[in-house]
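Undergrad: what follows is a predicted protein model with its sequence.
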Amino acid sequence: MSRPQDDQEVYYRGIPTIPYDLLKELLIAFVVSGVVIIALALALSSPDAPPLTIQAWAQADPVDFVTTATSELAGTSFSSAYGPPYTDGSDSIQAIGPIAPQAWAGNAVHLDTAKDFVLGPLATAAVGNTDLASALTTYGSADDPTRQGWLDAYTTALADATAQNGAVAVAPGNYGPVPVLMANLLGVARSGGLDGLLLASGQFYATNYTGPLLFMGDGGYLAGLAEDQHLLGSQWGMMNETGSYPGQEWLWLYSMWYQLPPYNTAPNADLLVVLTMFVLTLLLALVPYIPILRDIPRWVPIHRLIWRNYYRWRRAHPESASN
Amino acid sequence: MTALGSDPAPEPADGSWTGAARRLLERRLPLNHLLPSRQPFFVGSWVYVFGVVAITALIWVVGSGVVLAFFGPGWWHVSSIGRFVNSIHFWAVQLLFFFVVLHLWGQYFMASWRDGRAKTWLVGVVVFVAALVTGFTGYISQQNLDAQWIAINAKDGINATGAGAFFNVLDFGQMYGIHVMLLPIIVTTLVVLHVLQVRLRGVVRPIEEPAVAAGRKPPEAGA
Amino acid sequence: MDAPATYVQFAFIVISVPNLLVIVGMVVVFILALLAPFPGHRVIDPDDDDRPR
């Protein structure tokens, strides 16, 4: 191959050049963009809606909290049944025919919602609490059908539950130790203790919020906050930001598919959207090689505007470009 | 490319790898291409400025990001100076994507991949994708309601691909580390490569200009 | 700025006013960049020699 300086000399032969100070342009652009950025930062600040804690959730909506916690204990929550990479369930496995990368990747987190979200934290909280300790023993020594009966009955009763002075009241029924477990879990949550217990991993440092985020995601309260801020997937939420700030507008195309059939009703919508975007990104990357896509700029006369000086010069110097 | 020995080298090859690397760089990227003081006269449109502005926005993003990383992820929630630095980070990111997309539009309508510049376009698209992932991990690293919901909402898409088994959006430590260390290095390196690619070949000639000088074929992709 | 944004809807498209402003801004800046003369660049005089001044 020839030397690039020769290449450029040949490539631009016959075309006049002008002085052009790239570094000066860079510096001016840096200063101007800095002024714009700092002005926006001073005038508009940046979004920072406070995070939801388990404590705030349990205080604001105890019924939703207890309903969610009961579903975690019963193994019927969204997360319990999710499947890879969190649990051994299968409800959220997405596949296209035999192509099921989610199932292939397997369960990496090994979450047990009953143990990790309810029974484990309660066992820690049971120190010095004989009522709770005895309820945990009763629950632990019961057989599965008995537990299932308690949980089913309590879950049904929770549909009409009311919050009274920070506690959850349900109609009387045969719930076994479940109401004691839930009352204690709610108490620990309202005190802020559950925020810590859900992060306790046996290691001192905590940086992994998989547990508490899944737990909160299973409830209705966080989703309600998100809906208020237009953050749900069905609301183009991927593009949106809390408050009146611009969000990730650059995700408009990704977000759009979720609003349209067949994506918005498909059980494997996420996989379909990811695949669609993968193909489209590949097309974008390969535009230089794809007929039609690479020819559109020739047909759309925007380049005539960008290079209007050049075309005017060419008309005056028809010989110079073909020397 | 041909073997080193067959090229007209400015000095004789001595078998040294270091010398060979220097000669390769001198030949492939002479300084007058890296820092030219003249341009073909058709480089005279604001459309050419979009890429430069995107680079300056990236400098502001990285600079404010360095300050935020230095003081740690919790700082900006409790310090007014921290909030201001975060605001610079936030608006610089908005400006970055604003001008990256304008740059993409401009380069598309100039068909800038012509005459052997397809790889430059390709790297540009990879930069864009890497910037998207950086933005995404940044939004998850915010430690606020937005971050919580984005993580919960986005996990299903990532899990559907199987990537959730090793890229856990609910693991703040993993996302934060990737955001402040790995991705900035990747994006910055790719941007440097992208700029070098542009400077190596120079800007593309205008469309429909029969680039017949020295027997060049009409503009085609690849080459 | 912390109050929830206003949203506008066109058919299936729901977009916040801040996002809409950014996108409209992009289109406007693109059009301006196409039309605005670039400083330091005079229009080439057809009668000029091949080096523009």
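TA: Perfect, thanks for sending it.

Undergrad: quickly find the element holding A:Ala163.
TA: strand A:162-164 (DSSP states H and E).

Undergrad: now that strand: how far from the chain's centre is it?
TA: A distance of 32 Å separates the centroid of the chain from that of strand A:162-164, by CA atoms, centre = their mean, to the nearest Å.

Undergrad: sheet partners, orientation included, of it?
TA: Here strand A:162-164 is paired, per DSSP bridges, with strand A:167-169 (antiparallel).

Undergrad: what comes up buried for the strand holding A:Ala163?
TA: The neighbour-count check on strand A:162-164 (16 or more other CB atoms under 10 Å in any protein chain shown) flags A:Ala163 as buried. In short, each C-beta sits where N, CA and C put it, glycine included.

Undergrad: just give me the residue closest to the centre of chain C.
TA: Closest to where the C-alpha atoms of chain C average out (CA atoms, centre = their mean) is C:Val29, at 1.5 Å.

Undergrad: which residues does it contact?
TA: With contact taken as CB atoms under 8 Å, 6 or more residues apart in numbering or on different chains, C:Val29 is in contact with B:Phe98, B:Leu102.

Undergrad: go on, A:Phe65?
TA: A:Ile54, A:Trp57, A:Ala58, A:Leu186, A:Ala189, A:Gly219, A:Tyr221.

Undergrad: do you know how far B:Gln148 is from chain C?
TA: 17 Å (CB to the nearest CB, to the nearest Å).

Undergrad: tell me the spacing between the closest residue to that residue other than its chain neighbours and B:Ser64.
TA: Of all residues not flanking B:Gln148 in the chain, A:Pro51 sits nearest, at 5.5 Å (CB to CB, 6 or more residues apart in numbering or on different chains). In this view, A:Pro51 and B:Ser64 are 22 Å apart by CB to CB, to the nearest Å.

Undergrad: so which elements touch the lowest-mean-pLDDT helix or strand in chain B?
TA: When the helices and strands of chain B are compared on mean pLDDT, DSSP states H and E, helix B:31-34 comes out lowest with a mean of 86. If contacts are counted by 3 or more CB pairs under 8 Å, 6 or more residues apart in numbering or on different chains; DSSP states H and E, helix B:31-34 sits against helix A:4-11, helix B:183-201.

Undergrad: now with 6 Å?
TA: With contacts taken as 3 or more CB pairs under 6 Å, 6 or more residues apart in numbering or on different chains; DSSP states H and E, helix B:31-34 sits against no other helix or strand.

Undergrad: following the lengthiest helix in chain B, which helix or strand comes up?
TA: Using DSSP state H to define each element, chain B has its longest helix at helix B:80-109. With elements assigned by DSSP H and E, the helix or strand that comes after helix B:80-109 is helix B:118-140.

Undergrad: point out where the chain drops to low pLDDT.
TA: With no chain named, the answer covers chain A. A:1-6, A:319-323 (pLDDT under 70).

Undergrad: you answered for a different chain; I wanted chain B.
TA: Looking at chain B by pLDDT under 70, you get B:1-12, B:208-223.

Undergrad: flag every residue of chain B that's near chain C.
TA: B:Phe41, B:Gly44, B:Ser45, B:Trp46, B:Val47, B:Phe98, B:Leu102, B:Trp105 (CB under 6 Å from any CB of the partner chain).

Undergrad: burial of the fourth one, as a residue count?
TA: Close neighbours of B:Trp46, defined as other CB atoms under 10 Å in any protein chain shown, add up to 20.

Undergrad: in which helix or strand would I find the closest residue to B:Val100 other than its chain neighbours?
TA: Leaving aside its sequence neighbours, B:Val100 sits nearest to B:Ala54 (CB to CB, 6+ apart; 4.8 Å). Here B:Ala54, judged by DSSP H and E, is contained in helix B:50-71.

Undergrad: residues of that helix that come out buried?
TA: Those would be B:50-61, B:64-65, B:67-69, for helix B:50-71 by 16+ other CB under 10 Å.

Undergrad: show me the strands in chain C, by range?
TA: C:7-10, C:13-16 (DSSP state E).

Undergrad: which other residues reach the following helix or strand past the helix holding B:Ala54?
TA: The element immediately downstream of helix B:50-71 (helix or strand, assigned by DSSP H and E) is helix B:75-78. For helix B:75-78, contacts defined as CB atoms under 6 Å, 6 or more residues apart in numbering or on different chains pick out B:Gly82, B:Arg83, B:Asn86.
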